[in-house]
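Engineer: Give me a model of this one.
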Amino acid sequence: TAPAACVLITYDPEGAGAVRFDALSLVGFPEGVFFRPHGMDVNGGRLFTISHAFDRGGERVEVFAIRAKERELVYERTLTSAELTRRYNGDLNDLTVAEPGVIFATASLPTPQPEAGPTKISELKDTALLLTAMGDTKLLRC
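Structural biologist: Alright, predicted model coming up:
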């Protein structure tokens, strides 16, 4: 079964209608890959979203075609690498598509998360580092 996807929020741009929240289905998403979306951008009818799949897929940017009327996200591809996961596992925060082939992303944790995902110890360590020696948020060109 495909994981739960995102929530589509629609509204009347003229302000006359109610805001609506609808779950979107994922179509064609790879089996067994963890999907934890946040940090999204819509560009050219596509949704680009960061997903921390940890030991079930690594740090990733997922790309979907949007079919709003059908309330579906159709999987197109994944942007990832072993280096991205090694350096930024669980750390990518937000992204924007600047132009075709260029994505800017932010990363703000002091250290990458463990391969299997955050633990109490890694969260305490990151909190201590953020409180005592917070560095700048990193801006990455991907």
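Engineer: Now do the same contact list for Ala82.
Structural biologist: Shown in contact with Ala82 (Cβ atoms under 8 Å, 6 or more residues apart in numbering): Gly58. Heads up, the C-betas are built off the backbone N, CA and C, glycines and all.
Engineer: how near is it to Ser108?
Structural biologist: Distance of Ala82 to Ser108, computed by Cβ to Cβ, to the nearest Å: 22 Å.
Engineer: cool, Glu99 as well?
Structural biologist: 24 Å.
Engineer: So between the two, which is more surrounded?
Structural biologist: The residue with more neighbours, out of Glu99 and Ser108, is Ser108; 15 against 7, by other Cβ atoms under 10 Å.
Engineer: Name the residues that touch the helix or strand hosting Ile50?
Structural biologist: Using DSSP states H and E, Ile50 falls within strand 46-52. Strand 46-52 has contacts (Cβ under 8 Å, 6+ apart) with 6, 34-42, 57, 59-66, 73, 76, 89-90, 92-95, 97, 103, 105, 113, 117.
Engineer: Strands of the protein, residue ranges please.
Structural biologist: Here the chain has its strands, by DSSP state E, at 7-10, 20-23, 25-27, 37-43, 46-52, 59-67, 72-79, 92-99, 102-107, 138-141.
Engineer: Can you report how many residues neighbour Gln113?
Structural biologist: 20.
Engineer: Offset the numbering so it begins at 430, please.
Structural biologist: In the new numbering, first residue 430, that becomes Gln542.
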